[in-house]
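just need the structure, nothing else, for what follows:
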Amino acid sequence: MNSQMQQLFMERQTEKSYVAIVRGHLIGSSRIDYDLDNGTGRQSAVTDYKSISTFEIPLSDGRFTTSRYSYIQLMPLTGRFHQLRKHLAHIRHPILGDRPHGCNKQNRLWKTKFNMDTMMLHAQSLSFTCPHTNKNILIEAKLSGEFSKVLSMLNASSTLIY
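Below you'll find the model as predicted:
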């Protein structure tokens, strides 16, 4: 079964969905088609995304009096190493808590104010057709406690006191 599942991934016969909290307001939906360097050359990498909601909270990182964030859904069409992280950094909307590809000011701010240093990227679902039964399989994962906490904080931003 393992080799058959690997084949499904290689042939892009799976659908993956992630959610993330990113810096800045990312509105609407679009595609990121940006090749990534794998160490031996450039590889095609494509990710679709759509905005779920946006937030602006009265939290300053020193440059602005508020901070803006977006809660987004990501659907990678290819599967490259750190693809989602690199794609979001490329369009200047890095994932909150992402250390090598993220925004150091925002990460430091959240660590200092809320003791939060978890990357806000969550593998939400995986779907595929089972090679043995030919039935559609959907696997879903609940948000982590930390991710849910950050979303709740952003949703309640008007009542946050600093």
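
secondary structure element for the most centrally placed residue in the chain, which one?
The residue lying closest to the centre of the chain (C-alpha atoms, centre = their mean) is Ala20, at 3.2 Å. Per DSSP states H and E, Ala20 falls inside strand 14-23.

could you point out the helix or strand that follows that strand?
strand 29-33.

return the distance of the helix or strand following that next one from the chain's centre.
Next helix or strand after strand 29-33 toward the C-terminus (DSSP H and E): strand 36-37. How far strand 36-37 lies from its chain's middle: 18 Å, per C-alpha atoms, centre = their mean, to the nearest Å.

and Ile137, how close does it get to Lys111?
To Lys111, Ile137 is 38 Å away according to C-beta to C-beta, to the nearest Å. Where you see a C-beta, it was placed from the backbone N, CA and C, and this is true even at glycine.

what's the single longest strand in this structure?
strand 46-57 (DSSP state E).

Arg108: neighbour count?
Using other C-beta atoms under 10 Å, Arg108 has 12 neighbouring residues.

am I right that it sits in a helix?
Yes. Judged by DSSP: H, G, I helix; E, B strand; the rest coil, Arg108 forms part of a helix.

can you pull the contacts of it?
Not one residue lies near Arg108 by C-beta atoms under 8 Å, 6 or more residues apart in numbering.

what of His90?
So His90 contacts Ile32, Tyr34 (C-beta under 8 Å, 6+ apart).

from Pro131, how far off is it?
When His90 is compared with Pro131 (using C-beta to C-beta), they lie 35 Å apart.

who's the residue nearest to the centre of the chain bridged to?
Taking DSSP bridges, one obtains Ile72, Leu121 as the residues bridged to Ala20.

distance of it relative to Ser148?
Ala20 is 14 Å from Ser148, by C-beta to C-beta.

what of Glu15?
From Glu15 over to Ser148 (counting by C-beta to C-beta), the distance is 24 Å.

and Ser60, by the same measure?
25 Å.

now Asn134
From Asn134 over to Ser148 (counting by C-beta to C-beta), the distance is 35 Å.

more neighbours: which of those two?
Remark: of Asn134 and Ser148, Ser148 carries more neighbours, 12 against 7, as counted by other C-beta under 10 Å.

next, give phi and psi for the more buried one.
phi -60, psi -40 (degrees, to the nearest 10).

quick one: pLDDT of it?
Model confidence at Ser148, given as pLDDT, is 95.
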